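Q: Predicted model, plus sequence, below.
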Amino acid sequence: MTKTNPKYSPEVREPSVRMVLEHQNEHPSQWAAIESVAGKIGCSAQTLCNWVRQAERDQGKRDGLNTVERNRLKELERENRELRRANEILRKASAFFAQAELDRRPR
């Protein structure tokens, strides 16, 4: 599995999130601030909302996994899948050789 590059670079994400957080008091709601900034940078409001929520988790303002924890969890899940595949291959190989041993004629 290859890793895909995100559509928006960190150089776009970070200032966009900062703009929302700095200017949300000028709008009736955070969503209104998100829509305003999203229109200016050319991304969807939901995408920007996801970035803002993750930034809030990273800052400890919102419950959930921060970016470091999310990346570590993904890494562990990937490793777990690989180990399960390896175990399945070894289990099948073991069964194959055990059956071959039983089918072998005694001398």
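A: Now that the structure is in, tell me what you want to look at.
Q: Could you list every helix and strand in contact with the longest helix along the chain?
A: Counting by DSSP state H, the longest helix found in the chain is helix 67-103. Based on contacts counted as 3 or more C-beta pairs under 8 Å, 6 or more residues apart in numbering; DSSP states H and E, the elements that helix 67-103 packs against are helix 45-58. (Glycine included, C-beta is placed from N, CA and C.)
Q: Give me the helices and strands touching the helix it packs on, please.
A: The criterion is 3+ C-beta pairs under 8 Å, 6+ apart, and the helices and strands that helix 45-58 contacts are helix 10-23, helix 30-41, helix 67-103.
Q: contacts for the shortest one?
A: Counting contacts by C-beta atoms under 8 Å, 6 or more residues apart in numbering, the residues outside helix 30-41 that touch it are 12, 16, 19-20, 23-24, 26-27, 44-45, 47-49, 52.
Q: now do stretch 17-28
A: Applying C-beta under 8 Å, 6+ apart, the external contacts of stretch 17-28 come out as 30, 33-34, 36-37, 48, 51-52, 55.
Q: Sounds good, over and out.
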